[in-house]
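Asker: Sequence and predicted structure, then a few things I'm wondering about:
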Amino acid sequence: MDPVLAKGSGGIFDVACNGKLVFSKHRDPRFPEAAEIIAAIRAL
């Protein structure tokens, strides 16, 4: 599946892969490092 960028609102920044949430700025009030997103996606 190709990556999709979907515009959000209200300061929400979520990263999902194949319908599974791998990072949520709402849950963890910070921006992720690129390496942690890559590792989370590979772990799926």
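Answerer: That came in fine, so what should we check first? Numbering: from 1, shown residues only.
Asker: Please, where are all the helices along this structure?
Answerer: The residue ranges that make up the helices of the chain, judged by DSSP state H, are 34-43.
Asker: in it, which segments are predicted with low confidence?
Answerer: 1-3 (pLDDT under 70).
Asker: Contact partners for the residue nearest the centre of it?
Answerer: Centroid-nearest residue in the chain: Val15, 1.5 Å away (criterion: CA atoms, centre = their mean). Contacts for Val15 were tallied using CB atoms under 8 Å, 6 or more residues apart in numbering; they are Leu21, Val22, Phe23, Ser24, Pro32, Ile37, Ala40. For the C-beta atoms, the positions are set from N, CA and C on the backbone; glycine is no exception.
Asker: Run a quick neighbour tally on the third one.
Answerer: So that's Phe23. For Phe23, the tally of surrounding residues (other CB atoms under 10 Å) stands at 20.
Asker: Would you agree it is in contact with Glu33?
Answerer: No - under the criterion of CB atoms under 8 Å, Phe23 is not in contact with Glu33, lying 9.9 Å apart.
Asker: ok so, going back, so which of the contacts of Val15 is the closest to Gly11?
Answerer: Distances from Gly11 to these, taken as CB to CB, are shortest for Ser24 (11.6 Å).
Asker: quick one: Ser9 from Leu44, how far?
Answerer: Spatial separation of Ser9 from Leu44 under the definition CB to CB, to the nearest Å is 26 Å.
Asker: ok, the two, which is more surrounded?
Answerer: When Ser9 and Leu44 are compared for neighbours, Leu44 comes out ahead with 8 against 5, by other CB under 10 Å.
Asker: That one: what's it in contact with?
Answerer: The contact partners of Leu44, by CB under 8 Å, 6+ apart, come to Cys17, Asn18, Lys20, Val22.
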